[in-house]
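K.L.:
What would the 3D arrangement of this be:
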Amino acid sequence: MCPVDTEETPIISAIVPFFNSRHTLLTCLDSLAKQTLKGVEIVLIDDGSTDDSLRIAKEFASEYDGRCIVLHQENSGPSVARNAGLDCATGRYVAFVDSDDVIGLTMFEKMVDSAERHTSDIVSCGKVYVDVSTGEQQRVRIPKYEVLDGNARTNPSIVKRVGPLMCDKIFRRSLIEDHCIRMDSGFSHAEDFLFISRCKLYTNCVSAVGEPLYQYNIGNPNSISGGNARILDIPRVCQQVVDLYSREGIFESTKKQLLYVFLGYYLRKCDSVDSESKTLKRFKKEFQKLFWKNFGRRWIGALQKRVRKDYEPGYQKEMLRKSLPPLVRIALYVKR
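P.N.:
Residues are numbered from 1 along each chain as shown. Sure thing, here's the model as predicted:
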C-alpha cells in the first residue's frame, strides 16, 4: 500500500521499475536526484530482484531530498510494475524511466516547461542510443515536430510522429487517470506502444523538446523487458492496436501511420536478432501474417520505401533480402 501524500503535490512522478539492476540502478537514480526541476517524486518498483537492487533502492530513498517510494512485488514483468507505480504516483505529470538508462539533468525541467507552455498532454524529447558493451553512441533520434494539436482521431499524423516508446516522454497524469489507462499485464515487450496508442486517442495537444535528453542504453542482459526473449509480444501488441483503433472507428484513417510504426519494429528486430534464431523466424512469420491480414500488398511497397529511406544505400538490398518472405523476394529480384 502506498503512503498517503500530505505534502504539496509533486510536479512530476518518475516511475522506475527494476529487476536485478545493481550495476545500473544507482547511476540512473543519481540522474533523477540531480534534476534541475525541483519537486520530483520518485517511485521505485522492485520486480522480484534476486540481487541487492532492493537494498540499493531503499538506501537511496532514505537519502533522497524529496519524496521517494519503494515498492516490492514478486517477479511479474514491467507492465505490472509500472501499473503499481502509477497507482502510487501523485505528480501532475508522470515519466517512465528504465533502470539501466540515464536522463539529462535538465530533461524534466525542459519537458514540463513545454507541457505548461503548450498545455500538452504528452511531451517527447530526443534520445541518444548507447551500446553498453562498448560505451559507443549508436545513433541519435530527435522529434521532428514542436507542437501537434489534436489526437489520433482528429490528427492521424500523431500516430506516426509521436514514437512508440514511453521512456522519452512525460504524460499529464490526468490524461491517464481520467480515461483509466493502464499497461496490459499480458505483455513484456512493446507494452508501452499499446499504452501510448490508448493515450493518443484522448490528447488535446502533443509537444516535443528537440534535444537528446534521454540516454537509452542497449545490450543490457538484465533489461526489465527481458531483452529479445519476448519479441513475439511485438506482433501481438501491434494486432491489439489494430483491434483498438478498429473498435474506435479510426483504423482506416490511421492505417498508413500504423504500418510505418509496425515496419520500424519489424526491421529493427530483423536487423538485431540472430538470423538463425527460431524465435526470430516465428517473429517474422507472425509479423508477415499481421501485415497480410491488415494491409494486403500495401506493406511490401511500404517496406521497400522504409528501407530505402532509413538505411544506407549499400545495405538496402541485404536488408530487404533478410526481411521479405521468399516468394516476395523472388518477385522483387527476378522480375525486371
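K.L.:
Show me the helices in this protein, by range?
P.N.:
Applying DSSP state H to the chain gives helices spanning 25-33, 53-63, 78-88, 107-118, 157-161, 173-178, 191-199, 233-247, 251-272, 278-295, 298-310, 313-323, 326-334.
K.L.:
Relative to Val70, which of those is closest?
P.N.:
For Val70, the closest of the helices of the chain is helix 53-63, at 5.0 Å, according to C-beta to C-beta. In short, each C-beta sits where N, CA and C put it, glycine included.
K.L.:
Run the chain-centre distance for the closest one.
P.N.:
26 Å (C-alpha atoms, centre = their mean, to the nearest Å).
K.L.:
Name the residues of it that are buried.
P.N.:
Taking 16 or more other C-beta atoms under 10 Å as the neighbour-count basis, helix 53-63 is seen to contain the buried residues 53-54, 56-57, 60-61.
K.L.:
Closest one to Val209 out of the residues you listed, please.
P.N.:
The nearest member of the buried residues of helix 53-63 to Val209, counting by C-beta to C-beta, is Phe60 at 26.6 Å.
K.L.:
hang on, the closest one packs against Ser31?
P.N.:
No: using C-beta atoms under 8 Å, Phe60 and Ser31 do not qualify as a contacting pair, with a distance of 12.0 Å.
K.L.:
who does the nearest residue to Gly66 once chain neighbours are set aside bridge with?
P.N.:
Taking C-beta to C-beta, 6 or more residues apart in numbering as the measure, Gly66 lies nearest to Val40, with 6.2 Å between them; neighbours along the chain are not counted. In this structure, Val40 bridges to Ile12 when assessed by DSSP bridges.
K.L.:
shift numbering so it begins at 770
P.N.:
Sure thing, new numbering starts at 770, so read that last one as Val809.
K.L.:
My guess is Val809 contacts Ile780. True?
P.N.:
Yes: with contacts defined as C-beta under 8 Å, Val809 counts as touching Ile780 at a distance of 7.0 Å.
K.L.:
what domains does the record give for this structure?
P.N.:
As given by automatic domain parsing, the domain ranges for the chain are 781-996, 1006-1103.
K.L.:
hey, which of the ones you listed is tucked in deepest?
P.N.:
Mean neighbour count, computed with mean count of other C-beta atoms under 10 Å, is highest for domain 781-996 among these, reaching a mean of 19.
K.L.:
how far is that one from where the chain is centred?
P.N.:
Offset of domain 781-996 from its chain centre (C-alpha atoms, centre = their mean): 8 Å.
K.L.:
Could you do stretch 1006-1020 as well?
P.N.:
Taking C-alpha atoms, centre = their mean, one finds the center of stretch 1006-1020 at 18 Å from the center of the full chain.
K.L.:
quick one: average pLDDT of that stretch?
P.N.:
When pLDDT is averaged along stretch 1006-1020, the result is 98.
K.L.:
again with stretch 900-909
P.N.:
87.
K.L.:
Then stretch 1038-1045?
P.N.:
Over the span of stretch 1038-1045, the pLDDT mean works out to 85.
K.L.:
for stretch 951-964, same thing?
P.N.:
Per-residue pLDDT over stretch 951-964 has a mean of 95.
K.L.:
Now do it: everything it contacts.
P.N.:
Around stretch 951-964, the neighbours that count as contacts under C-beta atoms under 8 Å, 6 or more residues apart in numbering are 845-849, 851-852, 855, 865, 933-936, 945, 950, 994-995, 999-1003, 1005-1007, 1009-1010, 1013, 1030, 1034.
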